[in-house]
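Asker: Return a 3D structure for these sequence lines:
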Amino acid sequence: MEFRIDRSSGLPAYLQLVRQVREALRLGWLGPGDRLPTVRDVVANSGVNANTVLKAYRELELSGLVEARQGSGTFVKAGLGSTDPEVMDALRERLALWVREAREAGLDEEDIEALVRSVIAGDPKNEGKGVAV
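Answerer: You can find the predicted model right below:
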């Protein structure tokens, strides 16, 4: 797993790390027994401070998702999501196609995110009820 930090995001770096691990667990890319990258590797590859990585890993540990093993590293303890990985892969492929079509139609990342949020909020046409955030 390789972490990516968006410095322009309003989300603190440690929460971006936590989110990425949680997403990898939900998507089936990480599972119980898998080892997370070492703090040193994350620092070298993402440029964040070691304390930031430690804070993220502690947050994941407190939530019961990972466990630190002295001298061995940090390992996934529990998974997230219960959907069949094949179903997730098929849905991801369809979503990737939709995102490509949206970009070809001229939408930028913020436009796409706004559309997705409006659908998740259950009001895809916004039926004149105001903006769902």
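Asker: hey, let's count contacts and neighbours off CA atoms from now on
Answerer: OK.
Asker: pLDDT below threshold where in the protein?
Answerer: Residue ranges of the chain with pLDDT under 70: 81-82, 123-133.
Asker: Spatially central residue for it, please.
Answerer: Centroid-nearest residue in the chain: residue 20, 3.2 Å away (criterion: CA atoms, centre = their mean).
Asker: Now do the contacts for the closest residue in space to it that isn't next to it in sequence.
Answerer: Computed as CA to CA, 6 or more residues apart in numbering, the closest residue to residue 20 that is not its neighbour in sequence is residue 3, at 7.1 Å. Applying CA atoms under 8 Å, 6 or more residues apart in numbering, one finds that residue 3 lies in contact with 17, 20, 42, 45-46.
Asker: Restricted to helices, list those.
Answerer: Per DSSP state H, helices hold the following members of these: 17, 20, 42, 45-46.
Asker: which of these has the most neighbours?
Answerer: Counting neighbours by other CA atoms under 10 Å, residue 17 leads the ones in helices among the contacts of residue 3 with 23 neighbours.
Asker: Next, work out how far apart it and residue 88 are.
Answerer: 21 Å (CA to CA, to the nearest Å).
Asker: which among the contacts of residue 3 gets closest to residue 73?
Answerer: residue 42 (12.5 Å; CA to CA).
Asker: Which stretches in this protein count as strands?
Answerer: Assigned by DSSP state E, the chain shows strands spanning 66-69, 73-76.
Asker: and the longest helix for the chain?
Answerer: Assigned via DSSP H, the chain shows its longest helix as helix 85-104.
Asker: For that one, list every residue counted as buried.
Answerer: Neighbour counts over helix 85-104 (16 or more other CA atoms under 10 Å) mark 99, 102 as buried.
Asker: Show which residues not belonging to it make contact with it.
Answerer: By CA under 8 Å, 6+ apart, helix 85-104 touches 27-28, 112.
Asker: Can you flag the buried ones in those?
Answerer: 27-28.
Asker: now, which of the contacts of helix 85-104 lie within helices?
Answerer: Per DSSP H, these map to helices at residue 112.
Asker: ok, back up a step: what's the most buried one of the strands of the chain?
Answerer: Neighbour counts (mean count of other CA atoms under 10 Å) averaged over each of the strands of the chain peak at strand 73-76, with a mean of 19.
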